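1. Sequence unavailable; structure follows:
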């Protein structure tokens, strides 16, 4: 049993480090199990014959073995050793492989279409196709470079800054072995997953020089930047022989490697017409769709970053391969990635009186950037403060371009640069052994290790210095040899026509509405009132006619001439009397 515990300790990184010694221990334990099974079978046969008595030395030894294994399930023990043998000689796990494939697709979705839509909606309408084309072409370019030289320079053992040449053109890569950072998945799958990070990092830089860089020089810059800037930063932070990794700097999913490097590299260019021309976004809804895809894809970006390995407590469990003793971090990183972006949008909205949609999606991305370096090292308390601080800091840096006069077209530097810096510093404060593993020593200043904060600052300064200097040298070189910028007139016309000869089709004009029919004239007197007045006048006329008929009979009789004369005078007066409604009554005047 003690040997079994030693085997488990070796597998979890707490025992021997040599794989040959591990195999030898496993083989010895397998032989012990077989001998125990043989002796138990002999004991069972002895029991079936007759009651056993320790009369011989052999029988006494059998009794001692029986007491030794009393209460131990030898069959289960044998099954456990068989599983250990399988993990040692064939550690590949189908569950880990399936998850890494899913995570790779999620991270690729972050670039196309996520980042392409996010940036495409924030540029002018005459630069939409150019912006989308930059993201799409970078996917194609970096894929080829990664296969040729990039993967070998970043993820093979070599110098403290660069990897070796053993995987140029992916030579020597097989499907039945894993990488040193990912022993439970085939190495080609690990290569594909890391490719997605190499793709999205230069694509982020495009947000800083949108609307102004020529297409062909842009591709040359990205190719050189991948080899000169990205590969050494990735190797030094993540690979086992990297000098930053060796010093103990924590960067779980690319706070320095991806965001700080991309943001600082994008700061090296400026745009003509800033503050004078109208560069307002042409379609915020497209950017909202892109930001939503980025958020969903970040679950693969953080939840699987170096997070696949053997977990002795569960079949196919995901563990961080940066430190094999770390507890399963997938749920923690997902929770952190979900909690943190919910806070910076509030900060952006409170800081911006307009409460803009562009502000809330930018704040969400700022929170995702901040949690990236600490997703596998901090708990929910730390994640809360990551989001609480990243929003105001990124908003303040985004406003600096208005005061200092530098230009950051789509706030690529304003979000990714300070967001990555905040995340790295907060990791040095809030990293806890509850996540990294008891006794790992990977804990922040708030948990008794103030040295970690200085290490984080050291890694951040290296990433800033290397990316800024390397990018500036490359930009100056390409500009002197080929030329980077389009002319001012072409920049104002738009890169869709200048660089690609295409335009975004304008929406078809809406058909002219049919002329509305002329409204019927409104009567001065409502219909109901007119009918009422007309009926009243008819009744009045009928009563007047009856009265006149009666008066006429009196007038043309021979009786009482005096009475007839009085009635005639009264009729004349009544016929020409003024009407209370403003007109005269005209009766029938008696003719002589």
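-> In hand now; what should we look at? Just so it is clear, the model here is predicted, and its values are computed rather than measured.
2. Hmm, residue 168 is touching residue 146, no?
-> No - the pair residue 168 / residue 146 is not scored as a contact, 11.3 Å apart, by C-beta atoms under 8 Å. (Each C-beta comes from the backbone N, C-alpha and C, glycine too.)
3. neighbour-wise, which of the two wins?
-> residue 146 (23 against 16; other C-beta atoms under 10 Å).
4. give me the number of residues near residue 439?
-> Residue 439 - counted by other C-beta under 10 Å - has 9 other residues nearby.
5. wait, doesn't residue 116 sit right on residue 131?
-> Yes - taking C-beta under 8 Å as the definition, residue 116 is a contact partner of residue 131 at 7.2 Å.
6. Now for residue 168 and residue 146: what residues contact both?
-> With contacts defined as C-beta atoms under 8 Å, 6 or more residues apart in numbering, no residue is shared by residue 168 and residue 146.
7. show me where pLDDT drops low in the stretch 201-350 of the chain?
-> Judged against pLDDT under 70, the low-scoring parts of the stretch 201-350 of the chain cover residues 270-279, 305-350.
8. In it, what residue spans correspond to helices?
-> Here the stretch 201-350 of the chain has its helices, by DSSP state H, counting those that start in this stretch, at 215-225, 231-238, 243-247, 261-266, 284-303, 330-339, 344-351.
9. Please identify which of these is closest to residue 205.
-> helix 261-266 (4.5 Å; C-beta to C-beta).
10. Show me what that closest one is packed up against.
-> helix 187-205, helix 412-430, helix 451-481 (3 or more C-beta pairs under 8 Å, 6 or more residues apart in numbering; DSSP states H and E).
11. What helices and strands are in contact with whatever helix or strand comes next after the second one?
-> It refers to helix 412-430. The C-terminal neighbour of helix 412-430 among helices and strands, as given by DSSP states H and E, is helix 433-436. For helix 433-436, there is no helix or strand it packs on, judged by 3+ C-beta pairs under 8 Å, 6+ apart.
12. give me the low-pLDDT residue ranges for this protein?
-> 1-23, 25-26, 29-30, 32-34, 36-37, 39-90, 270-279, 305-354, 506-592.
13. For it, which segments count as strands?
-> Remark: no strands are assigned in the chain by DSSP state E.
14. Which one, of the helices of the stretch 201-350 of the chain, ends up nearest to residue 371?
-> From the helices of the stretch 201-350 of the chain, taking C-beta to C-beta, the stretch that ends up closest is helix 330-339, at 4.9 Å.
15. hmm, back to that, ok, and which of the helices and strands packed on helix 261-266 has the densest surroundings?
-> Most buried of the helices and strands packed on helix 261-266, by mean neighbour count (mean count of other C-beta atoms under 10 Å): helix 412-430, with a mean of 27.
16. same for that helix, what does it pack against?
-> So helix 412-430, by 3+ C-beta pairs under 8 Å, 6+ apart, packs with helix 187-205, helix 261-266, helix 357-371, helix 380-404, helix 451-481.
17. looking at the ones you listed, which is closest to residue 150?
-> helix 187-205 (6.0 Å).
18. Between helix 215-225 and the closest one, find me the angle.
-> 130 degrees (axes from the mean of the first three to the mean of the last three C-alpha atoms, to 10 degrees).
19. Which strands and helices lie in contact with helix 187-205?
-> Against helix 187-205 (3+ C-beta pairs under 8 Å, 6+ apart) you get helix 94-109, helix 128-145, helix 151-155, helix 215-225, helix 231-238, helix 261-266, helix 412-430.
20. repeat that with 6 Å
-> helix 94-109, helix 128-145, helix 261-266 (3 or more C-beta pairs under 6 Å, 6 or more residues apart in numbering; DSSP states H and E).
21. Among those, which comes closest to residue 416?
-> Of those, nearest to residue 416 by C-beta to C-beta is helix 261-266, at 3.7 Å.
22. Can you name the residues in contact with that closest one?
-> 201, 204-205, 208, 233, 412-413, 416-417, 463-464, 467-468, 471 (C-beta atoms under 6 Å, 6 or more residues apart in numbering).
23. hang on, the earlier thing: any chance of the helices and strands packed on helix 412-430 in JSON lines with distance to residue 102 as columns?
-> JSON lines is the format used below for the helices and strands packed on helix 412-430 (distance: least, C-beta to C-beta, whole Å):
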{"stretch": "helix 187-205", "distance to residue 102": "10"}
{"stretch": "helix 261-266", "distance to residue 102": "25"}
{"stretch": "helix 357-371", "distance to residue 102": "19"}
{"stretch": "helix 380-404", "distance to residue 102": "23"}
{"stretch": "helix 451-481", "distance to residue 102": "29"}
